[in-house]
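**Student:** model this:
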Amino acid sequence: MSNSVQKTPYFLFLFVLALLPAIFSSGTGKAGSQTLTVVSFDIPGVIGTDPNGLYNQVLAQITEETGVEFELVIRPISRARKEYASGRFDCLLPLDPVFEGQHLDHLQSIPFQRARIHIFTPTGEPALRSAADLRGLRVGGQLGLPYPPEIDRAIGEDKVSDLHTLMQMLKTDRFDAIVAFTPDIYQAFKHHDVEPFSHDRENPVGIYRDSLTCQPTGRNRTLMQQVNDALTGMGRN
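**Tutor:** Prediction:
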């Protein structure tokens, strides 16, 4: 009788002790399951380390609406693509059409917005509207970004690492024209206090969907449904 009274608290203690990891992992696991790791590249005014970037704000609003959190890491363009493709991150932002073609089974959100590709010439010069207009010109583009094939041929090897350098090379007459994405370059104009270059706003030479693309796991599929519901509620489609 005495032995059984002494053993009962001891076995009860062992039982509670065994439950503790499950109790604590249950709490942290739930929080972790609501987080998507996202790799991106710096686009001034759009996404990057500045929390006021347009897409940073969209991500923050999604978190507020759904509780889904985003762990954002900024990498150079080529490295961001490579690390997403290797499975190191849950998601890539913005959606890269190269990956869209190579990973057709991956998850894609409703577009944050539609990015447009325009040809830009120095301020005050006539706007150019097609690849044919680029014949015989020195045309610059940004390294790692996708362009329509005819535009990419016109650019050739004349690609630089970042948008600000590309803009500077047009201003200093090292290029006759550059090809860039909007709204990226509009944000760069504001950020660097540059007067907008000539271009035809109504006639882009290409359009693609700026979306979040994620690895096709069951967990990510559940979270992406919440993300898409929030984007729909925000009026994006």
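**Student:** which helices and strands sit right next to the lengthiest strand in the chain?
**Tutor:** Among the segments of the chain that qualify as a strand by DSSP state E, the longest is strand 113-120. If you count contacts as 3 or more C-beta pairs under 8 Å, 6 or more residues apart in numbering; DSSP states H and E, strand 113-120 packs onto strand 177-182, helix 184-191, strand 206-210. Every residue, glycine included, has its C-beta placed from N, CA and C.
**Student:** Export these as CSV, with columns for mean pLDDT, distance to T165 and mean neighbour count.
**Tutor:** Below are the helices and strands packed on strand 113-120 laid out as CSV (pLDDT from 0 to 100; distance: least, C-beta to C-beta, whole Å; neighbours: other C-beta atoms under 10 Å):
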stretch, mean pLDDT, distance to T165, mean neighbour count
strand 177-182, 95, 10, 25
helix 184-191, 89, 11, 18
strand 206-210, 84, 21, 17
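**Student:** Out of the ones you listed, the one nearest P149 is which?
**Tutor:** Nearest of the helices and strands packed on strand 113-120 to P149, taken as C-beta to C-beta: strand 206-210 at 10.0 Å.
**Student:** That closest one packs against which elements?
**Tutor:** Against strand 206-210 (3+ C-beta pairs under 8 Å, 6+ apart) you get strand 113-120.
**Student:** could you say what helices and strands the helix or strand that comes right after the strand it packs on packs with?
**Tutor:** Using DSSP states H and E, the next helix or strand after strand 113-120 towards the C-terminus is strand 139-142. Where contact means 3+ C-beta pairs under 8 Å, 6+ apart, strand 139-142 is packed against helix 149-155, strand 159-160, helix 163-171, strand 177-182.
**Student:** which of those sits most buried?
**Tutor:** With neighbours taken as mean count of other C-beta atoms under 10 Å, these reach their highest mean count in strand 177-182, at a mean of 25.
**Student:** tell me the centre residue of the chain?
**Tutor:** For the chain, the residue nearest the mean C-alpha position is L93 (1.7 Å; C-alpha atoms, centre = their mean).
**Student:** Quick check: the gap between it and G87.
**Tutor:** Shown here: L93 relative to G87, a distance of 16 Å by C-beta to C-beta, to the nearest Å.
**Student:** just L134 next, same as before
**Tutor:** For L134 relative to G87 (C-beta to C-beta), the value is 38 Å.
**Student:** Neighbour count: those two, which is higher?
**Tutor:** Neighbour totals were compared for L134 and G87, and L134 leads with 20 against 9 (other C-beta atoms under 10 Å).
**Student:** got a list of what the more buried one touches?
**Tutor:** By C-beta atoms under 8 Å, 6 or more residues apart in numbering, the contact set of L134 is I119, L128, I151, A154, A177.
**Student:** Same question for S211.
**Tutor:** Taking C-beta under 8 Å, 6+ apart as the test, what S211 contacts is L93, P94, L95, Q108, S109, I110, P111, F112.
**Student:** hmm, try it at 10 Å
**Tutor:** Applying C-beta atoms under 10 Å, 6 or more residues apart in numbering to S211 gives the contacts 91-96, 100, 107-115, 227-228, 231, 236.
**Student:** For the protein, give me the ranges with low pLDDT.
**Tutor:** Scanning the chain for pLDDT under 70 picks out 1-32, 95-104, 237.
**Student:** returning to what we had before: isn't the residue nearest to the centre of the chain right next to A80, touching?
**Tutor:** Yes: counting by C-beta atoms under 10 Å, L93 touches A80, with 9.0 Å between them.
**Student:** intersection of neighbour lists for those two?
**Tutor:** V38, V39, S40, F41.
**Student:** Not counting residues beside it along the chain, what's closest to the third one?
**Tutor:** This means S40. L93 (4.7 Å; C-beta to C-beta, 6 or more residues apart in numbering).
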